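Enquirer: Just the structure for this:
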Amino acid sequence: MKNCMIKTTAVLAWTLLCCTAASAQQQKQPQVFKVIPEFPKQQDTVQLVYDARNTLLKDAKDISAQLTGYTDFKWTTTDLKFTKNDSVWTAKYVLPAHLALMNLVFKSDTLVDKGGEQTYSYILSANDKRQMSGGMVGWGMLRTPHIVAGVPYVVDTVAYKSNEILLMWVKYELQYHPENRFRVLYAAASALKHMNTPESLAKLDRELNSLEQMPNIKEEDLLEIYRVYKDILKDAAKAEALQQKIVAQFPKGQYVKDQQRLADFKLIQQAKTDDERLKAAMDFIDKHPYEEAEDAFNEANRISYISAYWIISVYTSMKKDLSNYSKYMSKIAPYEALSNVIYRSLEVPYLSQKSIGPAEILPYARVIMERLNYYKDNFQGDKYATLYYSNAPLFAKILVDNKLYDEAFAYAAAAQSTASYKNANLNDTYVRVLEGQGKTKELQMALEQSYAMNQSSTYMLELMKKIYNAKNKSDKGYEQYLASLKNADKGKELKEKVQNLLINKNMPDFELLDQHGKKVRLSAQKGKIVVLDFWASWCAPCKGAFPGMKLAVDHFKNDPNVVFYFINTQERKPDMKEYVTNYMKENGYPFTVLLDTDSKASKAAGVGPIPHKMVVGPNGKLRFSEVGYMGSTSELADEIIEMVNMLKAGK
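Expert: Residues are numbered from 1 along each chain as shown. Predicted coordinates:
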């Protein structure tokens, strides 16, 4: 019945489930969800069609979907983006091998459409026109997540069904796939135990005994019986007896393998030194290469390949052991482990700690880039592409810092295709790539688009002025040129953002010495607008924000009613006066720095994480308070300027 979102063969009486009374009426309604072609084969590319006109997403501007699949008796999840095509929304999807059932949940912002009682589910057919193995029991479990443990909660509660309905779909599964007798056992046992009647429990007991006595029973089948005793019936004695039977009959089987993997992983957790931990992690990977089929056991027992790989990546890179880093990271799996490895072994030392230089980190980055490209090129799904695009800016920066501009371009362009000039750090890298390639026209466009989005770095602003001066033989008209590039919508967004940040709180007074030994008291500045920037010498984002703050300072340098103080706090250096004086001089920052040596002033003001910007109004009240720095020199300057101008206007 198409209107019930389930594709079945003629011999299967789907109408027994829910559609008998409603189908005639529903056939008059537009079909909300369908799959084209109607009977696809495994690994076909299908078109998923969603007609939102009669749903709660009818006015949505963007729609995505979470596709839950039941593949080879395992639940999977894929995120899909839908594109509007005339009056309907569509997405292409390559059907994985052995996909038996799929269910879609459509989303737009906070709105979610699960399809109500009928759901947006689809059982797939095999080449012989029978339902795919597992499809029918999967459909039964999908509407009984409250009965069968481990089933995802992705359908509306109004679509939930009873134990009897689940058993009915187990029966249908076995009619068309009798070979699945053991694979449907867990679902059937869950339903019978959930009924919890003498009759249902007796029936389950008979079935388990019958299955266990079958001749030539396989280990995987005994394990299914073991799961029922252990997880559903909670029969510890019977579970232990089965466990011993499995070990005796299959000494090299999956159960023994699972237990050994668990024991070896625990050695990593029990290690007392870094060297012991590294060796245990490498031994674990050597003895137990990742297998997707073992995920369920790994998750249930907290065996984490992600942890093992990040331990290897961090310790081998710290030891400058490129050989072992390459050996293990070139085969890293699952793909989720890459994200942690990239962050811990590349991003932190290179960008955050700056403890390793471009040439030194490049060979480590190349290993990860190759593995990342392997996943992107060989696996379907947004999650693989997302991992690539989210890390492309880092690889582009490492490559451009090594002056490998052509290589860097591939990553920078890929990242920019999704960022659309909304990230100042990426824009800076992209501009340096284009400059290194000598692409003058593209460079000019990138600079201007970045500025229009208010996402320019200090380097980009200086480069823009340099190019302008070279072209026009002077800087005459430069300010007007910049003004012409401003995006009106971005300016409006900034005003709205600043307006929403406006507060009116008491601000505690303080008295501190500046780097020249002069006392500065906050209450003495009453009548002026005071901009405070809390920072520390160890805080990279704090220092990264200084160029933007300098633009704001320069903007108001002739206004005696606007003052800036840069409060050094949470400091780890013993004597900051000399450091501050030299740092400001070397970098050309005309800042007045106040030394909060014991951090009392910042604590009284409520400062925790830094950088932290505060703006105090002429009446001495705290009017703005914002933590962090997002990387755009131009945006930060414009934001501070807008805050000050808003207060000057009497807000």
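Enquirer: Going along the chain, name the helices of the stretch 1-150 of the chain.
Expert: Assignment of helices within the stretch 1-150 of the chain using DSSP state H, counting those that start in this stretch yields the ranges 23-26, 135-142.
Enquirer: Least confident of these, on average?
Expert: Note on the helices of the stretch 1-150 of the chain: helix 23-26 shows the lowest mean pLDDT, a mean of 35.
Enquirer: what's the angle between the strand ranked longest in the chain and helix 135-142?
Expert: Of all the elements of type strand in the chain, the one with the most residues (DSSP state E) is strand 74-85. Regarding strand 74-85 and helix 135-142, their directions subtend 90 degrees when assessed with axes from the mean of the first three to the mean of the last three C-alpha atoms, to 10 degrees.
Enquirer: Begin at 508, not 1, for the rest of this chat.
Expert: Okay, using 508 as the starting number, the last item reads as strand 581-592.
Enquirer: Off-centre distance for strand 581-592?
Expert: Taking C-alpha atoms, centre = their mean, to the nearest Å, the mean C-alpha location of strand 581-592 is offset from the chain mean by 16 Å.
Enquirer: nearest residue to residue 569 other than its sequence neighbours?
Expert: residue 615 (5.9 Å; C-beta to C-beta, 6 or more residues apart in numbering). The way it works is simple: take the backbone N, C-alpha and C, and place the C-beta from them, glycine included.
Enquirer: May I have the residues that are in contact with the one you found?
Expert: Remark: with contacts taken as C-beta atoms under 8 Å, 6 or more residues apart in numbering, residue 615 is in contact with 564, 567, 568, 569, 570, 571.
Enquirer: From those residues, which land in strands?
Expert: Within the contacts of residue 615, residues falling in strands by DSSP E are 570, 571.
Enquirer: Can you pull out the low-pLDDT segments for the stretch 508-657 of the chain?
Expert: Applying pLDDT under 70 to the stretch 508-657 of the chain picks out residues 508-537.
Enquirer: what residue ranges in the protein score low on pLDDT?
Expert: Within the chain, the segments meeting pLDDT under 70 span 508-537, 887-889.
Enquirer: Quick check: the gap between residue 687 and residue 722.
Expert: For residue 687, the distance to residue 722 equals 19 Å [C-beta to C-beta, to the nearest Å].
Enquirer: neighbour count winner among the two?
Expert: Neighbours per residue, other C-beta atoms under 10 Å: of residue 687 and residue 722, the larger number sits with residue 687, 17 against 4.
Enquirer: host element of the nearest residue to the more buried one once chain neighbours are set aside?
Expert: Leaving aside its sequence neighbours, residue 687 sits nearest to residue 680 (C-beta to C-beta, 6+ apart; 5.8 Å). Counting by DSSP states H and E, the element that carries residue 680 is helix 670-683.
Enquirer: what residues does that helix touch?
Expert: Helix 670-683 is contacted by residues 519, 523-524, 637-638, 641-644, 646-648, 650-651, 654-655, 687-688, 691, 694-695, 697-699, 701-702 when judged by C-beta under 8 Å, 6+ apart.
Enquirer: And that helix, what's buried?
Expert: Neighbour-count burial for helix 670-683, counted by 16 or more other C-beta atoms under 10 Å, picks out 670, 672, 673, 674, 675, 676, 677, 679, 680, 681, 683.
Enquirer: Could you do stretch 764-783 as well?
Expert: 764, 765, 768, 769, 771, 772, 775, 778.
Enquirer: Closest one of the residues you listed to residue 970?
Expert: Nearest to residue 970 among the buried residues of stretch 764-783 is residue 775, at 48.3 Å by C-beta to C-beta.
Enquirer: In this structure that closest one contacts residue 787, no?
Expert: Yes. Under the criterion of C-beta atoms under 8 Å, residue 775 lies in contact with residue 787, with a separation of 4.3 Å.
Enquirer: re earlier: tabulate the buried residues of helix 670-683 (a markdown table), appending distance to residue 1027.
Expert: As requested, the buried residues of helix 670-683 are exported to a markdown table (distance: C-beta to C-beta, whole Å):
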| residue | distance to residue 1027 |
| --- | --- |
| 670 | 75 |
| 672 | 75 |
| 673 | 74 |
| 674 | 79 |
| 675 | 80 |
| 676 | 76 |
| 677 | 78 |
| 679 | 81 |
| 680 | 78 |
| 681 | 82 |
| 683 | 83 |
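Enquirer: ok, so what distance separates residue 696 from residue 590?
Expert: 43 Å.
Enquirer: Comparing the two, which residue is more hemmed in?
Expert: Comparing residue 696 with residue 590 by other C-beta under 10 Å, the one with more neighbours is residue 696, at 24 against 11.
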